[in-house]
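Visitor: Okay, here's the prediction I keep looking at, along with the sequence it came from:
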Amino acid sequence: MSQITAERDPHLHGGADADSGHAHSGEHAKYSFLAHHFDSPAQQFDSAKLGMWLFLATEVLFFGALFVGYAVLRSRFPEVFSYASHYLDTTMGGINTGVLIVSSLTMALGVYFAQRGRKLALIICLWLTMAGAAGFLVIKYFEYSHKIHAHLVWGPTFYIPPHNEFGNEEATALAHAPTPAPAAVGVPVHSAVAAVGPLGTAPMVDASVIKPASVGPTGLSAAAVDHRLAGGGDIIPYEMPSAHLEDPNMPPNTHLFFSIYYAMTGLHGIHVVVGMFVIGMLIHRATRGDFGPNYYTPVDLVGLYWHIVDLVWIFLFPLFYLIH
Amino acid sequence: MTTLDAPRHDILDTTASSDNYLTHSRGFLSWALTLDHKRIGVMYLIAVLGSFLVGGIFALLLRTELLTPGRTFVDADTYNQFFTLHGAIMVFLVIIPSIPAALGNFVLPIMLGAKDVAFPRLNLFSFYLWVGGALFTLYSLAVGGFDTGWTFYTPYSTTTTTGGVVPVLIGVFILGFSSIFTGLNFIVTVHKLRPPGMIWFKMPLFLWAIYSTAIIQVLATPVLAITLCLLIVERTLNIGIFNPSMGGDPVLYQHFFWFYSHPAVYIMIVPAMGIISEIIAVHSHRHIFGYRFIAFSSIAIAMFSFIVWGHHMFISGQSGLMNTIFSLISFSVAIPSAVKTFNWTMTLYKGTISLTAPMMYGLSFLFLFTIGGLTGLHCATLNTDVHLHDTYFVVAHFHYVMMGSALIGMIGGLHHWWPKMTGRMYHEGTAITACIIIFIGFNLTFFTQFMLGSQGMPRRYYDYQPEFQIYHVISTIGAYTMAVGFVITAVCFAQSLMSGRRAPANPWGGRSLEWQCASPPPHDNFATTPTVGDCYNFTAVIWDEKQQGYIVDRTLDPDMPHSTGAKPGGHS
Amino acid sequence: MSQPNQPSHATDVAAGHPLVGHLVGIKTLVTTASALLFLTIVTVIVRYIDIGEFNIWVAIGIAVIKAGLVATFFMHLKWDRPFNVLVFMGCSLFVILMMAFCVLDTSQYRATQYTGNATLVQETLDAHAPGAPITQKRTEINP
Ligand SMILES: [Cu+2]
């Protein structure tokens, strides 16, 4: 027992300045989880932790480049960001922030219970974390589907009005453009863009093209009329299809906000999905009884991963949802 | 199997048992699923050399096309694909993984005295990531190839109609992760798996170099990965972040791309510098001059490499302010590079130089790197670069660095560690001849390109003015000369594998730990954790006639902790 | 300096204590989470207060504090090895560096772009460099 106490401190063994080689002959016999090329559990644990932190560093830079893109776009088009941000649902974003923070807490608690060797509590915590991740994704799904329904999307589709029940375009952002494909996602749209004007004066850059939105071939769109009758304010709620196209105050290049929004939240969402997958594997292993005070490294590492996912969202939330 | 009955007098553990990593287990799966860093290194080596062959063939094809102005044997679009493939294959499949993943994997844990890298499974995984990336690149050829240049500049890369752009982007993305995991593995290994006594300043300089490289791999490659992701969604979903006609910013793409790709140049060159430090010291049998300076200059280069990327963008529309800043910082990279070069030269001075094949490559490196490095200063100078940008001058400059230095260093390292990896010696004369032919061919090919470029011949052009033809012809002749040199090298290695003399544990007189285990090394590298001395102190390394190799005589070594009167810290 | 790793023996020594690593108690974790939730509410409220361009800096400041809390307590960085802290700080630093350089560059862009003047370029070339390849090419195309 005293030996274990001595082993407990990783700073005594497997240290950065190499004192780990002292005849740990018994270590491998004692700890079945100890890989052959490590001398002690502390060395193995420290290596795993350092490896994970380096991986997290790559994650930080992975997202970091997108944050750089965000900063560049926002510094170039500040008006776009303060305008378009209002189309995002702060309530949903706020709830999602809370959900992620709580799931981070349950994950951290999971690590604690794994360290204490309390199997049932660990499994419950992991399930709760999983539930948090799933909840986050469900809320995200509703957000996305609302926006996609309203054509609050990336690229030229942003400017393509939906069709009404008569098959006519409801708004006329691109009325004089030759038949932009409605399902432009995945279709090269350069031809449509080029058809409107030379590069550099494409329709989305020129606010004057977008302004006469509500007087298209079919007149005011039904949705817009309903909205006006209901006394809608300056900021048109996102529930209304293509509300942004009716808005004369929409600054040029607003679609770029949504491009970067989908890029960043999408990548974050992918990380949440991956997180659910690895947490699922942890649950499997925890149920099998792999973890205890001696060995809980995977729980710790997945925990670190999950916290960084939370950490990224902590930045995404104010940067997208909370622009004054 | 083995023959070496090593005389076990006072040498450090030279276990020449019959069991080595090549014979430890048999069968295809024992290789395909191996966790042994040595086998993974060998698999990388084969894969990288195979890719080098493919990339080299494309180089010959495009040089052949450039023999005459206008069409020689292919049309312009095919030519565009040739140089794109040559560049992409050489950069992403060959040079970046060549030294760290192939040679580094083999040598690093042994040099440290460790049994393996920290995460053997991850190591194997990154090899298969490499394979996956290579397969995607191949697939992109099948679906129409790509003609974007290896830089994938927008908006061309998002609008070109060649079908293979997205597959190759995915391929490079995967290759990036292979590189990241290799770097991650090495950092952890260097930090956590050093044996007792192996303090940071006793590590061989190759390890410092690999460590610096790993830092770059881990910190820079993710940016490339996300950039490629953005490019893929730009091309498939048209998000417009890089598209000027949609308010996006193509210069931002270049910022992203070069944030990775300038440091990537150091992923290529720094490990080669590490190899040269080893080769120069071992083959001139003299303590490396300025150990700490070389070690720190590796780290310095790694750090500087992150803040100079804009020198690739002087005429891209980058602002004047940033041009000035980037130009200034770029000059400062010359300092650590020069520190290394001077230290190598000082090591040679009064050394007992053996003109072995590795040393020939080492000397070639010194020569070529000096030219490549100094012409880099021309390119970093703002107003000069306006003239030189996108001309053959730049092509020549980076070939002097990426091929003349990085690849020559890699091949030098291959010659250096070949006896260790295979347990066989190669025919020295043949190897040296090949080296000289490659050296001559290389200079023929690329020195003429300096002249071409300074006279205004733009790079990547299919057609040119007739007055440039003579240079192009010389350059093409040089390329074929180099090809001959490489074929001779291949033959030399093949002959070595089939009928080469058995290699002793220490054929060159090295002192670092890899020369203290048998050639080829046993499965676990060292039976007992080896004792570490000063890896550049060659006073105790003596020639042993019976073994036809060098041995370390501990009684001659003032540094060894086991001898009486041990002094700490051998180097001054 | 390395932080001595001192598990809270007093409370936890009886039940299975981890062999390696640091045990962070439930109380610390719950407190951290509460602080995070509280700061989330603060950052939402601040959004509705107009303090001009400082809004974004306040938002980022709060986010940085929250990130610090997550890293320090949830991710055990307070008790972790200094090098791991360095890795985390270092990579963040590189992101900031990249961001600073890119924003510095793009902020210098001209608001308007010059469309260029092909005729003027051609006249200048004809006057000063009549033998330049570009003029030859042009006469080939448009004799
Ligand atoms: Cu560069």
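Guide: The structure has been received and is ready for your questions. Numbering: from 1, shown residues only, chains lettered A, B, ... in the order given.
Visitor: burial measure for B:Ala494, as a count.
Guide: By other C-beta atoms under 10 Å in any protein chain shown, 12 other residues sit near B:Ala494. To be clear about C-beta, it is placed using only N, CA and C from the backbone, and glycine gets the same treatment.
Visitor: Next one: A:Ala114 from chain C, what distance?
Guide: For A:Ala114, the distance to chain C (C-beta to the nearest C-beta, to the nearest Å) stands at 8 Å.
Visitor: swap in B:Phe468?
Guide: B:Phe468 is 11 Å from chain C, by C-beta to the nearest C-beta.
Visitor: In chain C, which residue sits nearest chain B?
Guide: Chain B sits closest to C:Gln108 of chain C, with a gap of 3.4 Å, by C-beta to the nearest C-beta.
Visitor: got the residues of chain B near chain C?
Guide: Contact residues, chain B versus chain C (C-beta under 8 Å from any C-beta of the partner chain): B:191, B:219, B:223, B:249, B:251-252, B:255, B:259, B:306-307, B:310, B:317-322, B:325, B:465.
Visitor: Just the buried ones from the residues you listed, in PyMOL syntax?
Guide: Selection of buried members from the residues of chain B next to chain C for PyMOL, criterion 16 or more other C-beta atoms under 10 Å in any protein chain shown:
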select buried, chain B and resi 191+219+223+249+251+252+255+259+306+307+310+318+319+322+325
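Visitor: can you pull the contacts of residue 124?
Guide: Here I'm looking at chain A. Applying C-beta atoms under 8 Å, 6 or more residues apart in numbering or on different chains to A:Ile124 gives no contacts.
Visitor: Let me know the helix or strand that it is in.
Guide: helix A:119-149 (DSSP states H and E).
Visitor: Now whichever residue of the stretch 1-150 of chain B sits closest to chain C. Its backbone dihedrals?
Guide: Proximity of the stretch 1-150 of chain B to chain C (C-beta to the nearest C-beta) peaks at B:Pro69, 12.1 Å away. With angles defined as degrees, to the nearest 10, B:Pro69 sits at phi -60, psi 150.
Visitor: right, and it touches B:Gln465 too?
Guide: Yes. Using C-beta atoms under 8 Å, B:Pro69 makes contact with B:Gln465 at a distance of 7.1 Å.
Visitor: Let me know the secondary structure of C:Ile60.
Guide: Under DSSP: H, G, I helix; E, B strand; the rest coil, C:Ile60 falls in the helix class.
Visitor: pretty sure it is touching A:Pro318, no?
Guide: Yes. Taking C-beta under 8 Å as the definition, C:Ile60 is a contact partner of A:Pro318 at 7.1 Å.
Visitor: quick one, which of the two is more surrounded?
Guide: Counted by other C-beta under 10 Å, C:Ile60 and A:Pro318 do not tie: A:Pro318 has more neighbours, with 25 against 14.
Visitor: which residues does that one contact?
Guide: Listed by C-beta under 8 Å, 6+ apart, the contact partners of A:Pro318 are C:Thr43, C:Arg47, C:Ala59, C:Ile60, C:Ile62, C:Ala63.
Visitor: how about the helices in the chain?
Guide: In the absence of a named chain, chain A is used. A:2-8, A:25-30, A:41-76, A:78-84, A:90-116, A:119-149, A:190-196, A:207-210, A:222-229, A:243-246, A:254-288, A:297-316 (DSSP state H).
Visitor: hm, I was asking about chain C
Guide: C:9-12, C:26-47, C:54-69, C:82-106, C:118-128, C:133-141.
Visitor: can you redo those as a markdown table with mean pLDDT and distance to chain A?
Guide: Shown next, in a markdown table, are these (pLDDT from 0 to 100; distance: least, C-beta to the nearest C-beta, whole Å):
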| stretch | mean pLDDT | distance to chain A |
| --- | --- | --- |
| helix C:9-12 | 38 | 7 |
| helix C:26-47 | 92 | 4 |
| helix C:54-69 | 91 | 4 |
| helix C:82-106 | 93 | 3 |
| helix C:118-128 | 71 | 14 |
| helix C:133-141 | 43 | 21 |
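Visitor: could you dump these to JSON lines with distance to B:Phe450?
Guide: Compiled in JSON lines, the helices of chain C are given as follows (distance: least, C-beta to C-beta, whole Å):
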{"stretch": "helix C:9-12", "distance to B:Phe450": "69"}
{"stretch": "helix C:26-47", "distance to B:Phe450": "57"}
{"stretch": "helix C:54-69", "distance to B:Phe450": "48"}
{"stretch": "helix C:82-106", "distance to B:Phe450": "30"}
{"stretch": "helix C:118-128", "distance to B:Phe450": "26"}
{"stretch": "helix C:133-141", "distance to B:Phe450": "20"}
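Visitor: how about CSV for those, with distance to chain B added?
Guide: Shown next, in CSV, are those (distance: least, C-beta to the nearest C-beta, whole Å):
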stretch, distance to chain B
helix C:9-12, 26
helix C:26-47, 25
helix C:54-69, 18
helix C:82-106, 4
helix C:118-128, 14
helix C:133-141, 6
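Visitor: picking up where we left off before, and the contacts of A:Pro318, which are buried?
Guide: By neighbour count, with 16+ other C-beta under 10 Å, the contacts of A:Pro318 hold C:Thr43, C:Arg47, C:Ala59, C:Ile62, C:Ala63 as buried.
Visitor: Can you list phi and psi of the residue of chain C closest to chain B for me?
Guide: Dihedral pair for C:Gln108: phi -90, psi 0, per degrees, to the nearest 10.
Visitor: who touches C:Ile62 in this structure?
Guide: With contact set as C-beta under 8 Å, 6+ apart, C:Ile62 has these partners: A:Pro318, C:Leu39, C:Val42, C:Thr43, C:Val46.
Visitor: roughly how far apart are it and A:Phe317?
Guide: 10 Å (C-beta to C-beta, to the nearest Å).
Visitor: Touching both of those two, which residues are there?
Guide: Jointly contacting C:Ile62 and A:Phe317 under the rule C-beta under 8 Å, 6+ apart are C:Thr43.
Visitor: Also near chain A: which of the residues of chain B next to chain C, exactly?
Guide: If you filter these for contact with chain A, counting by C-beta under 8 Å from any C-beta, you are left with B:His191, B:Leu219, B:Val223, B:Asp249, B:Leu252, B:His255, B:Phe259.
Visitor: any idea whether the last one is helix, strand or coil?
Guide: It stands for B:Phe259. Classification of B:Phe259 using three-state DSSP returns helix.
Visitor: Touching, A:Phe63 and A:Val312? I think so.
Guide: Yes. Using C-beta under 8 Å, A:Phe63 is in contact with A:Val312, at 5.3 Å.
Visitor: Now do the shared contacts for these two.
Guide: Joint contacts of A:Phe63 and A:Val312 (C-beta under 8 Å, 6+ apart) are A:His268.
Visitor: pLDDT score for B:Leu49?
Guide: The model reports B:Leu49 with a pLDDT of 95.
Visitor: In chain B, what residue comes closest to chain C?
Guide: Nearest residue of chain B to chain C (C-beta to the nearest C-beta) works out as B:Ser319 at 3.4 Å.
Visitor: Can you tell me the closest non-neighbouring residue to that residue?
Guide: C:Gln108 (3.4 Å; C-beta to C-beta, 6 or more residues apart in numbering or on different chains).
Visitor: which residues of the stretch 251-400 of chain B fall in helices?
Guide: Ranges of helices in the stretch 251-400 of chain B, per DSSP state H, counting those that start in this stretch, are B:291-304, B:320-348, B:357-380, B:382-388, B:392-401.
Visitor: Put together CSV for the ones you listed, with mean pLDDT on each row.
Guide: Shown next, in CSV, are the helices of the stretch 251-400 of chain B (pLDDT from 0 to 100):
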stretch, mean pLDDT
helix B:291-304, 92
helix B:320-348, 92
helix B:357-380, 94
helix B:382-388, 90
helix B:392-401, 95
